[in-house]
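Chemist: For reference, the sequence and a predicted model appear below.
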Amino acid sequence: MTEVTFWILTALVAKTRHGYAILRDVEELTAGAVSIRISTLYSTLERLERDGRVRRAGEDVVDGRARRYYELTDEGREDLEAETDRLAAKLRAAETRLSAHRLGPARPAPATMSWREAW
């Protein structure tokens, strides 16, 4: 799953949203670290709709502009849950490895003796 897909699906977990609300939510969720371009948002939403992960949930006109609303499908929720599990497993593996190497400096490898020193 791409990062853009992950954040769009995450934004739609809470409720039905229109495109600009999804963009704002992603920026809020990521503290501004992820910013999605409009063209990327709508092409991703179209793909997610074709794949059955999101569906249109209505449309209205505000200030002369059409707003399309989207919602997460059960399949989209399942995919997001699977991705969350995969990311959590990666995090646990990295944390385990890092904590093992925080315990102190690495021990030097045992010195090897030359055949002359052994005699």
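Modeler: Everything's here; your move.

Chemist: Let me see the ranges of the strands in the protein.
Modeler: Residue ranges of the strands in the chain, as given by DSSP state E, are 17-18, 54-62, 65-72.

Chemist: Just put those strands in a markdown table and tack on mean pLDDT.
Modeler: Conversion of the strands of the chain to a markdown table gives the following (pLDDT from 0 to 100):
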| stretch | mean pLDDT |
| --- | --- |
| strand 17-18 | 94 |
| strand 54-62 | 89 |
| strand 65-72 | 90 |
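
Chemist: Out of these, the one nearest residue 4 is which?
Modeler: Proximity to residue 4, assessed across the strands of the chain by C-beta to C-beta, is greatest for strand 54-62 (12.9 Å). Bear in mind the C-beta positions are built from the backbone N, C-alpha and C, glycine included.

Chemist: Low-confidence regions, the chain specifically.
Modeler: Across the chain, residues meeting the criterion (pLDDT under 70) sit at 103-119.

Chemist: ok, longest helix in it?
Modeler: The longest helix of the chain (DSSP state H) is helix 74-100.

Chemist: How far off centre is that one?
Modeler: How far helix 74-100 lies from its chain's middle: 10 Å, per C-alpha atoms, centre = their mean, to the nearest Å.

Chemist: Which neighbouring elements make contact with that helix?
Modeler: Helix 74-100 sits against helix 3-14, with contacts defined as 3 or more C-beta pairs under 8 Å, 6 or more residues apart in numbering; DSSP states H and E.

Chemist: buried stuff in the helix it packs on?
Modeler: Under the neighbour-count criterion of 16 or more other C-beta atoms under 10 Å, helix 3-14 has 4-12 buried.

Chemist: Among the residues you listed, which one sits closest to residue 23?
Modeler: Of all the buried residues of helix 3-14, residue 11 has the smallest distance to residue 23: 8.5 Å, by C-beta to C-beta.

Chemist: related to what we said a few turns ago, got the buried residues of helix 3-14 as JSON lines, with distance to residue 64 columns?
Modeler: Written out in JSON lines, the entries for those read as follows (distance: C-beta to C-beta, whole Å):
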{"residue": "4", "distance to residue 64": "28"}
{"residue": "5", "distance to residue 64": "30"}
{"residue": "6", "distance to residue 64": "33"}
{"residue": "7", "distance to residue 64": "29"}
{"residue": "8", "distance to residue 64": "26"}
{"residue": "9", "distance to residue 64": "30"}
{"residue": "10", "distance to residue 64": "30"}
{"residue": "11", "distance to residue 64": "25"}
{"residue": "12", "distance to residue 64": "25"}
